[in-house]
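Peer 1: Test case, fold it:
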Amino acid sequence: MILVVVLVALNLRGPIVAIAPVIDAVQADLSIDAGTAGLLTSLPILCFSVLVPFSLLLIRRLGIDAAVTVTLVGVGIGTAVRSIDGVGWAITGTVVIGAAITIGNVVLPVVIRRDVPPARVNLATGVYTAALNVGSAITSLGTAPIAATLGWQLAVLAWIALAVVALVAWTLFVGPRRAVLPAAAPAPATQPAAPPRSWRSLTVLLVGFAFSGQAFAYYATTAWAPTILRDETGADTVSAGASASLFQLAAVIGSLLTPLLLARIRPLGTFLVLGVLWSSVPLGLLLAPELWTLWGTLGGIAQGGGFTTVFVVIVSFAVSNRHAAALSGIVQGIGYAVAATSPAVLGVAHDATGAWTLPLLLVLGAVLTFTGLGVASAVRAAAAATRRGGSQG
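Peer 2: Below you'll find the predicted structure:
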């Protein structure tokens, strides 16, 4: 079961990252500017924000198992379409990939809750989160070397193999019938009738905009780090792509260590620690880009832990499962809507100034937003939890 989850999760971030190591070749071949090129990484993120209602409806209609199949088939089709020559095909394939991954983002945690024993759900969720970053690292490492031999289109197309392998594994795991045929959605569990109005909560909005800072900085760094390293350190395309993958690999460490950090210094202290580590990426690239191995590792740990910490605050603030689901949807909707602009915004800023100083200052601003609003949300969530505990006592 865990192996199948990992194989599916490898497809939920890697296809987005695959363009970054070869973005210069894509721009030259398709005759597009940096802002347009940024759309090839920002459009899927926008899908994460606006297509969640569609994903929920599709999962309800098809059932969990068939929805996973749709995710993998969609990623495969989108990857193939994106590799066809032409800007229109590239954008169309990117949107298909984004829509498919949106479904996967929603349904795969449901699979874990359904098929993993309760005592192992936290472990399975941690492995799932780590696999997202491993998928990003694999594509960051592998795309440029393949492109050097076969060209960027075949290099991007090559990652369809991950979707095929995951689809075969998923079909074997659930059986061909369940993998393909629609199934009735299970009856919803009984929940409290009237959870708090989440949109009216300042704490929820603080968490949402803290997550937007985390997500903006992550996707901006993921999209442009290979190019920045090439421009600032003189590295070739293959070396820059390999170096940038450290940022993804270190996130696995962050995902596994952050729960221990939360247990010792709580969300407030964790936000501060992660904010300091995160700041090393834009500041390091501005002041000493040749030390990227250090900055990429520290920042990778921070971005891997940032996602976990944001959702710990959500859980601590929620009063029921239904309320937690509503909070998660609001926070992700806000965060990914802002994050979707990051690759294009950095591309436009670089085109306008001809340098990477302004783009990196924008990343620093996003990191400070994550840290400051995260601390504020942690304080309010802790106070709310104390009040609830006092009333229960």
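Peer 1: Might you report the residue contacts of the residue nearest to residue 238 when sequence neighbours are not counted?
Peer 2: Counting by C-beta to C-beta, 6 or more residues apart in numbering, residue 238 lies nearest to residue 144, which is 4.5 Å off, once chain neighbours are set aside. To be clear about C-beta, it is placed using only N, CA and C from the backbone, and glycine gets the same treatment. Contacts for residue 144 (C-beta atoms under 8 Å, 6 or more residues apart in numbering) come out as 21-22, 155, 226, 237-238, 240-242.
Peer 1: And whichever strand or helix holds residue 386, what does it pack against?
Peer 2: If you go by DSSP states H and E, residue 386 is part of helix 357-392. Packing partners of helix 357-392 (3 or more C-beta pairs under 8 Å, 6 or more residues apart in numbering; DSSP states H and E): helix 202-233, helix 237-287, helix 292-317, helix 342-353.
Peer 1: re earlier: the residue nearest to residue 238: which element?
Peer 2: Taking DSSP H and E as the criterion, residue 144 maps to helix 121-150.
Peer 1: Next secondary structure after that helix?
Peer 2: Beyond helix 121-150 on the C-terminal side, the first helix or strand identified by DSSP H and E is helix 152-157.
Peer 1: What residues of the helix or strand just after that next one count as buried?
Peer 2: Using DSSP H and E, the helix or strand that follows helix 152-157 towards the C-terminus is helix 160-174. Neighbour counts using 16 or more other C-beta atoms under 10 Å place 160, 162-163, 166-167, 169-171, 173-174 of helix 160-174 among the buried residues.
Peer 1: for the stretch 151-300 of the chain, which spans come out with low pLDDT?
Peer 2: Scanning the stretch 151-300 of the chain for pLDDT under 70 picks out the ranges 184-200.
Peer 1: re earlier: if you compare the directions of the helix holding residue 144 and helix 160-174, what angle comes out?
Peer 2: 150 degrees (axes from the mean of the first three to the mean of the last three C-alpha atoms, to 10 degrees).
Peer 1: Adding distance to residue 386, write the helices and strands packed on helix 357-392 out as a markdown table.
Peer 2: Compiled in a markdown table, those are given as follows (distance: least, C-beta to C-beta, whole Å):
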| stretch | distance to residue 386 |
| --- | --- |
| helix 202-233 | 13 |
| helix 237-287 | 12 |
| helix 292-317 | 11 |
| helix 342-353 | 36 |
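Peer 1: Now for residue 81: which residues touch it?
Peer 2: 89, 92-93, 96.
Peer 1: roughly how far apart are it and residue 15?
Peer 2: Using C-beta to C-beta, to the nearest Å, residue 81 is found at 12 Å from residue 15.
Peer 1: ditto for residue 217
Peer 2: 21 Å.
Peer 1: same check, this time on residue 206
Peer 2: For residue 206, the distance to residue 15 - C-beta to C-beta - is 32 Å.
Peer 1: Which one's more surrounded, those two?
Peer 2: residue 15 (30 against 22; other C-beta atoms under 10 Å).
Peer 1: I appreciate the help and will end here.
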